[in-house]
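Novice: dropping a prediction and its sequence here:
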Amino acid sequence: MELLHAFFKASPMAALFVSLAIGYWIGKIKMGNFQLGGMAGTLLVAIVIGQVGVPVDPVVKSMMFALFIYATGYVSGPQFFASLNRKTLSQLHLALISGIAIFGYIFVVAKVMDFDKGTAAGLLAGAITESACIGTAGEALTRLGLGAEKVKELQANIGVTYAITYLFGMLTVIFFASRVAPRLMGIDLKKEAQDLENSLGGTGIKLAPGQFEAFGQLRARVYQVSADKAVGMTVADLESRFDVKVAQAAHLESRITVTPELPLQPGYRLALQGELGAVFKAGNFIGKETTNLSALGFIDEERDVVITNKALRGMTIAQARETLDLKHRFGVRATRLSRLDQEIEMYPQTEVHLGDVVRLVGAAEDVEQAARELGYSQVSSKVVDYVYLGSGMLVGILVGMLSVSVAGIPVGLGTGGGCLISGLIFGWLRAKHPTFGNLPASTAQYLRDFGLAVFIASVGLATGSQAIAQIKQYGVTLPAIGIGAALCSCLVMVFYGRYALKMNPIIICGAISGNLTTTAALNGVMEVAESSTPVLGYTVSYAVSNVLLTFLGPVIVFAV
C-alpha cells in the first residue's frame, strides 16, 4: 500500500490512466445483454485506487469537465434548437414534467433522510445516469462559502453516491422502459411499433443500420443512339418520358456537354442513370447497350449532409422528396437519416428536423449540388478550427463566472453551465454558417468521452477514505432510493404522457430512455419492439433533458 501511495504521489497521472484502462476493461464485460460501461467502471476503479491517497490536480479536473460539457453542447446545439417547435411540444412538455418529478423526489427524500448536499446531488446524477451533474453540482458547492475541507467532503460524497446508485438507476430504466411501461399502458410493444411503422408508410422490410434496398438504388448503363424514333428527341424529353437522367454523353472520342435542349443524334453514346427498370426501357428505346466507355466516366459518391434548409422544417420524407426532387434534378438518392447519432427509418411520413444528417448517394458532381440544396456537407476533415474552439470555451468560462446574489449566496452557472450554454450556441452557429468553426465529429466525440472519463477518474481518486465512510453510513439505503428516483420519474412519464398528453406509447417508451439519458434503455426498447421507431421519441427528449438535468445539479445543491 505504501509503495503504491509513493508511486501515485510521484506520478498522479499514472493513477488516472490506470483507472481509465482497468475501468474501461471492466465496463466491456458482458453479463447477458448488460454492460456496466466505461464511465461507471472508471469511477469504481478510481474510488478503489483513491483509498491509497492520490493527489488530484483541480485544474486538470476542471479543464476536462469544461471540454466534455462544451463538446456535448456543441454536438447537441443544432438538434436542441431545432427541437424547440410546436410539433415537438408534447415531448418538450414530458421532459419538463420528468425533470420536475426527479427534483421533487430527491428534494423530499433528502429532507426526510437528512442527506447532505453532496449526497443529494450524487443521487440525482446516479439515479438518472447524468454524469454532467457531478461537475455542475460540484462547482455549485464551491460558491456556498463552506470552507475548503467541507467542500472537498461534499464533492467526495457526490462521486461515491453516484457510483453506488448509477448501476441500479440504469438497470431500472432499462427494465421499466422495455418491460414495465408497455404493460402499464396495456400494449404489445411489437404490435404498436408495427402499427406506427404502417402509419408512417413502412413497407415491412427490416434493414440493419447502414443497409439500404439495393434494387431501389441508381444504376448507370451506356446506350448508343440508333433508333430512328429517338433521333431528334431532346434530353429533357427523354428524361421526363422514362424517368431517367442523362448523366453524360459522348460522340466518337469526344465528350458532349449535356443540356436539356440537346437533340439526340445517331452514334451518340448516352450514360443513363436511374432505377434499373427505367434505364432498360429508355436504353431499349434509343438503341442498344454498348461497352464502349471512351470519353465517358464518372465517379459515384456517398456523402453525409446536415440539413439546414429551413424550407424542410417539419416536412415529411415524402413531402421533402416531392419538393426537392433530388432524384430527377440531380440524380441522387437519400439512403440514411440520423438524428443525434441515432438512425431514423426513412418512412414516407417520418418528419425531417433541422440538424438531421442525411446520406446521399449518386454521381459526385450531382451529390455536391444536392448537398447545397439541403445544407452543408460533413466532409471528412482532420482540421479543427482552434480559434472557434478556444473562443467558445472562453465565452463559456466568462458566462460561468457571472453570478447574482440570492439570499446572500452567489448563484451562477459555473464553468460547466457556462460551457454548456456556449457549446449549444456555438454548435448552432456552426450549423447555420458552416464556413467556419469546424470540429470533426470524431474529434468532438473524443473530447466528450476522454474529457468525461478523466473528470470522472479525478472525482473517484479524490474521494479517498470518504468512500468507505459513505458506504458504512447508508449501506443499501442509497441503491434503494436510487431505484425509487428512477421509478418515480418513469411512472410519472408513463401516466402523464399516455393520459394527459395522449402520446403514442412507442414514443413514450423512447422518451423515457431519452429523458433519463439512458441509451442502453433505448436499445432495450428497440430490441423488444423489433423496430427502430422508439428513436422518434428518444432524440428530442435526450437533447432537451441533457441540458435540463445538467442544470438540476446546482439547483439541488442550492435547494437542499
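Specialist: Perfect, I can see it now.
Novice: what's the closest non-adjacent residue to residue 246?
Specialist: Among residues not flanking residue 246 along the chain, residue 235 sits closest, at 4.9 Å (Cβ to Cβ, 6 or more residues apart in numbering). For glycine as for every other residue, the C-beta is placed from the backbone atoms N, C-alpha and C.
Novice: for the one you found, which residues are in contact?
Specialist: 246, 249, 258, 259, 260, 261, 262, 264 (Cβ atoms under 8 Å, 6 or more residues apart in numbering).
Novice: sec struct for the fifth one, please.
Specialist: Reducing the assignment at residue 260 to three states with DSSP: H, G, I helix; E, B strand; the rest coil gives coil.
Novice: picking that back up, buried subset of the contacts of residue 235?
Specialist: Using 16 or more other Cβ atoms under 10 Å as the burial test, the contacts of residue 235 include 246, 249, 262, 264 as buried.
Novice: rewinding a little: just send the contacts of residue 235 back as TSV, with distance to residue 222 and pLDDT too.
Specialist: TSV is the format used below for those (distance: Cβ to Cβ, whole Å; pLDDT from 0 to 100):
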residue	distance to residue 222	pLDDT
246	11	88
249	10	92
258	13	89
259	19	91
260	20	90
261	22	92
262	16	93
264	14	94
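Novice: identify the residue spatially nearest to residue 225, adjacent ones excluded.
Specialist: In space, residue 225 is closest to residue 268, 4.4 Å off (Cβ to Cβ, 6+ apart).
Novice: gap between residue 11 and residue 4?
Specialist: The gap separating residue 11 from residue 4 is 11 Å, by Cβ to Cβ, to the nearest Å.
Novice: mind checking the backbone torsions on the most centrally placed residue in the chain?
Specialist: Per Cα atoms, centre = their mean, the C-alpha nearest to the average position across the chain is that of residue 340, at 2.6 Å. With angles defined as degrees, to the nearest 10, residue 340 sits at phi 50, psi 50.
Novice: same check on residue 186?
Specialist: According to degrees, to the nearest 10, residue 186 has phi 70, psi 40.
Novice: and for residue 85?
Specialist: phi -150, psi 170.
Novice: how near is it to residue 353?
Specialist: 9 Å.
Novice: which one's more surrounded, the two?
Specialist: Neighbours per residue, other Cβ atoms under 10 Å: of residue 85 and residue 353, the larger number sits with residue 353, 25 against 14.
Novice: for the residue lying closest to the more buried one once chain neighbours are set aside, give me the pLDDT.
Specialist: Take residue 353 and drop its neighbours on the chain: the residue closest to it by Cβ to Cβ, 6+ apart is residue 82, 5.0 Å away. If you check residue 82, the pLDDT there is 72.
Novice: ok, residue 82 - contacts?
Specialist: 313, 353, 354, 355.
Novice: cool, and residue 359?
Specialist: Here residue 359 is in contact with 302, 303, 304, 305, 334, 335, 336, 337 (Cβ under 8 Å, 6+ apart).
Novice: touching, the fifth one and residue 346? I think so.
Specialist: Right, the one you point to is residue 334. Yes. The pair residue 334 and residue 346 qualifies as a contact (Cβ atoms under 8 Å) at a distance of 6.8 Å.
Novice: before we move on, the earlier item: quick one: the residue nearest to the centre of the chain from residue 259, how far?
Specialist: From residue 340 to residue 259 the distance is 42 Å (Cβ to Cβ).
Novice: and for residue 352?
Specialist: Separation of residue 352 from residue 259 (Cβ to Cβ) stands at 32 Å.
Novice: need the nearest residue in space to residue 376, chain neighbours excluded.
Specialist: Here the residue nearest residue 376, using Cβ to Cβ, 6+ apart, is residue 434, at 3.6 Å.
Novice: what of residue 443?
Specialist: residue 384 (5.7 Å).
Novice: where does the one you found land on pLDDT?
Specialist: pLDDT at residue 384 comes out at 86.
Novice: how many neighbours does it have?
Specialist: 15.
Novice: please tell me I have it right and it contacts residue 438.
Specialist: Yes. When contacts are counted by Cβ under 8 Å, residue 384 is listed as touching residue 438 (6.5 Å).
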